[in-house]
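>>> using only what follows, build the 3D model:
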Amino acid sequence: MDDTTRLREHRLVFYRDDIARIDLLLKELIQLSGAHAALLVDREGHLVSKVGDLRSVDSDTIAALVAGSFAATREMARVLGEEQFSVVFHQGRRDSIQLTLAGDRTILTVLFDDSTTVGMVRIYTNEAGKKLGDLFTEIESRDDSETPDVGMASDFDENAKSRLDTLFPD
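Numbers count the residues shown, from 1 in each chain. Below is the predicted model of the structure:
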């Protein structure tokens with residue numbers, strides 16, 4: 001089974017509490033490293049979570065480009081005889097981005113500028129990546145009985161009809 005098939009058949013499902021824990025890790029990362037934003041992107045380019053100052057950045061575009069960059073880097077690693085490279089770093093004149101594999105399904109993306117050092121970002125991003133990997137292992141091993149009930153409330157149908165009648169009277 002290839003990686004894409006395996007990932008599609010074994011997707012992680014994140015619930016509200018999971019995202020809150022992810023966001024807490026990302027917030028801690030940007031606070032400690034001095035970065036201005038962090039995104040968690042799955043390997044298919046879907047944004048899982050984002051924190052920090054992203055006003056001037058289209059996070060969906062960044063997520064897609066991050067996945068593409070990581071896929072190209074994985075292929076370069078294969079050509080060089082490596083299984084994969086777990087960290088990719090792009091440095092500009094002022095802004096930089098570090099991509100770090102977190103678990104085997106997501107890419108931790110950290111955006112930072114010259115107000116912090118690459119070393120600080122690298123140290124804290126690697127630690128956050130390990131913590132995220134541990135969290136994903138925990139989520140993956142979660143018993144189905146532990147997952148929240150996401151079904152509709154028993155009175156949903158009646159409430160919806162009532163609400164629609166209020167919005168669109170005869």
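>>> what sits up against the helix or strand Thr73 falls within?
For Thr73, the element it lies in under DSSP states H and E is helix 59-79. Residues outside helix 59-79 that contact it (CB atoms under 8 Å, 6 or more residues apart in numbering) are 39, 41-47, 50, 83-85, 88, 90, 99, 101, 107, 109, 111. The way it works is simple: take the backbone N, C-alpha and C, and place the C-beta from them, glycine included.
>>> tell me which stretches of the protein form helices.
Assigned helices in the chain, in chain order: 3-9, 16-33, 59-79, 118-140, 156-167 (criterion: DSSP state H).
>>> quick one: average pLDDT of the first one?
Read that as helix 3-9. In this model, helix 3-9 carries a mean pLDDT of 52.
>>> same thing with the fourth one?
pLDDT averaged over helix 118-140 equals 90, rounded to a whole number.
>>> out of the contacts of helix 59-79, which are buried?
Buried by 16 or more other CB atoms under 10 Å: 39, 41-43, 45, 47, 50, 88, 99, 101, 107, 109, 111, out of the contacts of helix 59-79.
>>> so where's the chain shaky on pLDDT?
Low-confidence segments of the chain (pLDDT under 70): 1-12, 143-157, 160-161, 163-164, 167, 170.
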